[in-house]
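Asks: Please find the sequence and the predicted model below.
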Amino acid sequence: MSADNLSWVVTLVAMMAAGLVAGFVAGLFGIGGGFMVVPALFLVLPLLGGEKAQYAHIAIGTSAATIIVTSLRSLRAHARRGAVEWEVLKTWAPWIVLGSMLGVILAGHVDGRGLTLIFASGVMLMSLNFIVPKLGDRVISQEMPTGVLRAGIAGGLGGFSSLLGIGGGTIAIMVMTVCGRSIHRAIATASGIGALIAIPSMFGFMLIGLHQQGLPWGSIGYVDMPAAIAIGSMSVLTAPLGAAAAHSLPPAPLRRLFGAYLVFVSALMFRNAMKM
């Protein structure tokens, strides 16, 4: 086997493995899987070609594409258990979509190093929710936010998540649990929020990446389609398994383990940013 063929095999296996893990994590924690996909893409993009300055935008845009499949598969699995609060998804959707679009516009004005730093900082912030879960344990209301507060939270959630290439489940779960929802219903509903963020994000990154130079083969704008297909096709297999585990496994040790992983990812991405 030639060196080129071997590199493609390694790349394909890495992307498929990332998809399997991302799908399970998405179902388990109600997140889109971007915390797994973006770092994996940073590792394999040098093998796919393209310029280093474009890696951050490609990784985040491609992650958004994979989240669509992962979130919808996870949502379906949770819906079968009757745990999804559809009214929350319906009323939050317009503001999430608007925020996601604004986040993509902002990403188009940030260079690769800046976008990597944003991702690293956001991941470090999100890790606190998993390492110190009591931050979100306190119930402050029995009703979900409405009016201007809902618009602000949902819009901010969409914008922040689109910049990171994630499904926004961590923030959504925190909001729902402090508003009196059980962790299982929060995780189930958050799995649908990922798709609401990822769909406009994917098309947005496609548009802002059109006519850009130094993109890998098979890319549509900042979305690497071969990578998205490889990762997404695997994530649909494990998302239902993660959803089932969310309803049966004790979440505390898993959350702490995932939190430690996020700290590691954040440090890795800070290191990547410094090398750009």
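Replies: Thanks, I have the structure now. These numbers come from a predicted model, not from an experiment.

Asks: The helix or strand bottoming out on mean pLDDT in the chain packs against which elements?
Replies: Within the chain, no helix or strand scores below helix 3-29, which has a mean of 78 by mean pLDDT, DSSP states H and E. Where contact means 3 or more Cβ pairs under 8 Å, 6 or more residues apart in numbering; DSSP states H and E, helix 3-29 is packed against helix 34-48, helix 55-79, helix 169-178, helix 183-209, helix 225-246, helix 251-274. Where C-beta positions appear, they are placed from N, C-alpha and C, glycine not excepted.

Asks: Tell me which of those helices sits most buried.
Replies: Neighbour counts (mean count of other Cβ atoms under 10 Å) averaged over each of the helices and strands packed on helix 3-29 peak at helix 55-79, with a mean of 28.

Asks: hang on, the earlier thing: export the helices and strands packed on helix 3-29 to a markdown table and append columns for mean pLDDT and distance to Gly112.
Replies: Converted to a markdown table, those look like this (pLDDT from 0 to 100; distance: least, Cβ to Cβ, whole Å):
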| stretch | mean pLDDT | distance to Gly112 |
| --- | --- | --- |
| helix 34-48 | 84 | 11 |
| helix 55-79 | 90 | 4 |
| helix 169-178 | 83 | 24 |
| helix 183-209 | 91 | 12 |
| helix 225-246 | 85 | 17 |
| helix 251-274 | 82 | 9 |
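
Asks: between the ones you listed, which one is nearest to Phe130?
Replies: Between Phe130 and the helices and strands packed on helix 3-29, the shortest gap by Cβ to Cβ is with helix 251-274, which sits at 3.0 Å.

Asks: chain center to the closest one, what's the gap?
Replies: In this view, helix 251-274 has its centroid 14 Å away from the chain centroid, taken as Cα atoms, centre = their mean, to the nearest Å.

Asks: Quick one: list the elements packing against it.
Replies: Here helix 251-274 touches helix 3-29, helix 34-48, helix 112-131, going by 3+ Cβ pairs under 8 Å, 6+ apart.

Asks: re earlier: distance to Ala93 added to the helices and strands packed on helix 3-29, as a markdown table?
Replies: Below are the helices and strands packed on helix 3-29 laid out as a markdown table (distance: least, Cβ to Cβ, whole Å):
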| stretch | distance to Ala93 |
| --- | --- |
| helix 34-48 | 19 |
| helix 55-79 | 13 |
| helix 169-178 | 12 |
| helix 183-209 | 5 |
| helix 225-246 | 21 |
| helix 251-274 | 27 |
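
Asks: Out of the ones you listed, the one nearest Gly99 is which?
Replies: Closest approach to Gly99 among the helices and strands packed on helix 3-29 (Cβ to Cβ): helix 183-209, 8.1 Å.
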